[in-house]
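Trainee: any chance you can model this:
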Amino acid sequence: MPATPTRDRISPEESTPKPLRRPDWIKVKAPSGEVHKQLKVLMRKKELHTVCEEAMCPNIGECWGSGTATFLMLGDVCTRSCGFCDIKHGMPTLLDWDEAERVAQAVKSMELKHAVITSVNRDERRDGGAPIFAMVIRRIHEILEDCSVEVLIPDFKGSIEALKIVMDARPEILNHNVESVPRLFKTIQPQSNYGATETTLVNAKKLHPQGLTKSGIMVGLGETLDEVKEVMRDLHSWNVDILTIGQYLQPSKKHLPIERFYMLEEFQELEAYGKDLGFRWVESGPLVRSSYHAAEQVRALSEGFRKL
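Mentor: Numbers count the residues shown, from 1 in each chain. A predicted model of the protein is given here:
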């Protein structure tokens, strides 16, 4: 683990000398507008981080412009070094136990109807930071009764005890991204494993059968279409309700290169395949990310929020 947190994932020698040209159908709007400015000021004022900024999400302009943000908790330094991710890797500082209250108050200030909460990995802790997830879920439900909560969690190293802490707080959506296909796990996310992902998603549904579960796949890192479909079949067999599929976009030359760009027709094929498998909701497109259209998903599928 680096002594100083860094965003770099690969050495300059490993980087692609000539990156692939981005196709015309992938156009990212630069963040702008008064709402975007106000949210940025609010986040800094409350000493909060958003995954929208830290992971350089391509939808930040659209989402922030409409008053939606995904909060990043447990600090801004991750103990894992996934090759696709732009969040800093290194040894994190101590947990901030007041963070949950600040996030909840920010959600209230923004008058959100659906809050998305994620975090860095905190592998140095046995509970992985799960108690803070539970605290923020409960606090948002306390101060905003009509606000649904989605949590995008780490795998907690497969710990059912840590997962139970989160699920006992009853989030409307429990999201854990598989990210890629089993063959590429050690290359793309070396500290993770496919089995822990299965354990997390299967047990989440067992612990809260009425809750929604969700997972996401990135494409363009060297997997085949058949491998993606195999993962989709696995996710459906694990009773995952919602699936997101999006194109990997290289944050910098010091991150894993893009092996290829998927065609729009391929995203449409994967969406149709997911619906045929029986997923309750499928989002598939070049710029789709975990929290894309999340508010619509919970209001369409969650029994408690269909009326809102």
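Trainee: do a quick rundown of the strands in the stretch 201-308 of the chain.
Mentor: Using DSSP state E, counting those that start in this stretch, the strands found in the stretch 201-308 of the chain span residues 212-219, 242-247, 281-284.
Trainee: out of those strands, which is closest to P19?
Mentor: P19 sits nearest to strand 242-247 of all these, at 13.9 Å, using Cβ to Cβ. Placement of C-beta: from N, CA and C, glycine included.
Trainee: per-residue confidence averaged over the closest one?
Mentor: The average pLDDT for strand 242-247 rounds to 97.
Trainee: and the contacts of that strand?
Mentor: Identification of contacts with strand 242-247 by Cβ atoms under 8 Å, 6 or more residues apart in numbering yields 26, 173, 175, 212-220, 228, 232, 235, 261-262, 267, 270-271, 274, 279-290, 292, 297, 301.
Trainee: stretch 198-209 too?
Mentor: Stretch 198-209 is touched from outside by 153, 155-156, 158, 160, 163-164, 167-168, 170-171, 174, 176, 211, 213, 215, 234-235, 238-240, with contacts defined as Cβ under 8 Å, 6+ apart.
Trainee: buried residues in that stretch?
Mentor: Applying a neighbour-count criterion of 16 or more other Cβ atoms under 10 Å, one finds E198, T199, T200, L201, V202, N203, A204, K205, L207, H208 buried in stretch 198-209.
Trainee: before we move on, what about stretch 132-151?
Mentor: Buried residues in stretch 132-151, counted by 16+ other Cβ under 10 Å: 132-141, 144, 147-151.
Trainee: so how far is the first residue of it from its last?
Mentor: Chord length of stretch 132-151, first to last residue, is 11 Å (Cα to Cα, to the nearest Å).
Trainee: ends of stretch 186-200, what's the gap?
Mentor: Terminal residues of stretch 186-200 lie 18 Å apart, using Cα to Cα.
Trainee: er, stretch 87-97 actually
Mentor: One end of stretch 87-97 sits 21 Å from the other (Cα to Cα).
Trainee: which residues in the stretch 51-200 of the chain form strands?
Mentor: For the stretch 51-200 of the chain, the strands defined by DSSP E, counting those that start in this stretch occupy 70-73, 77-78, 88-89, 114-119, 148-152, 173-175.
Trainee: and of the ones you listed, who's closest to W97?
Mentor: Short answer: strand 70-73, nearest of these by Cβ to Cβ, at 11.1 Å.
Trainee: still on that earlier bit, just the buried ones from the contacts of strand 242-247, in PyMOL syntax?
Mentor: Buried subset of those, written as a PyMOL selection, criterion 16+ other Cβ under 10 Å:
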select buried, resi 173+175+212+213+214+215+216+217+218+219+220+228+232+235+261+262+267+270+271+274+279+280+281+282+283+284+285+286+287+288+289+290+292+297+301
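Trainee: nearest to A100, of the strands of the stretch 51-200 of the chain?
Mentor: Of these, nearest to A100 by Cβ to Cβ is strand 70-73, at 7.5 Å.
Trainee: what comes up buried for that closest one?
Mentor: Of all the residues in strand 70-73, those buried under the rule 16+ other Cβ under 10 Å are T70, F71, L72, M73.
Trainee: can you tell me how far E269 sits from I137?
Mentor: Remark: distance between E269 and I137 (Cβ to Cβ, to the nearest Å) = 36 Å.
Trainee: now do F84
Mentor: The gap separating F84 from I137 is 27 Å, by Cβ to Cβ.
Trainee: surely R122 meets L94?
Mentor: No. In this structure, R122 is not within contact of L94 by Cβ atoms under 8 Å, at 10.3 Å.
Trainee: quick one, which of the two is more surrounded?
Mentor: Shown here are R122 and L94; by other Cβ atoms under 10 Å, R122 has more neighbours (23 against 6).
Trainee: nearest residue to that one other than its sequence neighbours?
Mentor: For R122, ignoring the flanking residues on the chain, the nearest one in space by Cβ to Cβ, 6 or more residues apart in numbering is G129 at 4.3 Å.
Trainee: about what we covered before: now tabulate the strands of the stretch 51-200 of the chain in CSV and tack on mean pLDDT and distance to P182.
Mentor: Compiled in CSV, the strands of the stretch 51-200 of the chain are given as follows (pLDDT from 0 to 100; distance: least, Cβ to Cβ, whole Å):
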stretch, mean pLDDT, distance to P182
strand 70-73, 88, 27
strand 77-78, 90, 22
strand 88-89, 85, 23
strand 114-119, 92, 23
strand 148-152, 95, 21
strand 173-175, 97, 20
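Trainee: can you list phi and psi of the nearest residue to R280 once chain neighbours are set aside for me?
Mentor: Spatially, and ignoring its direct neighbours in sequence, R280 is nearest to D241 (4.6 Å; Cβ to Cβ, 6+ apart). The phi and psi values for D241, taken as degrees, to the nearest 10, are phi -90, psi -40.
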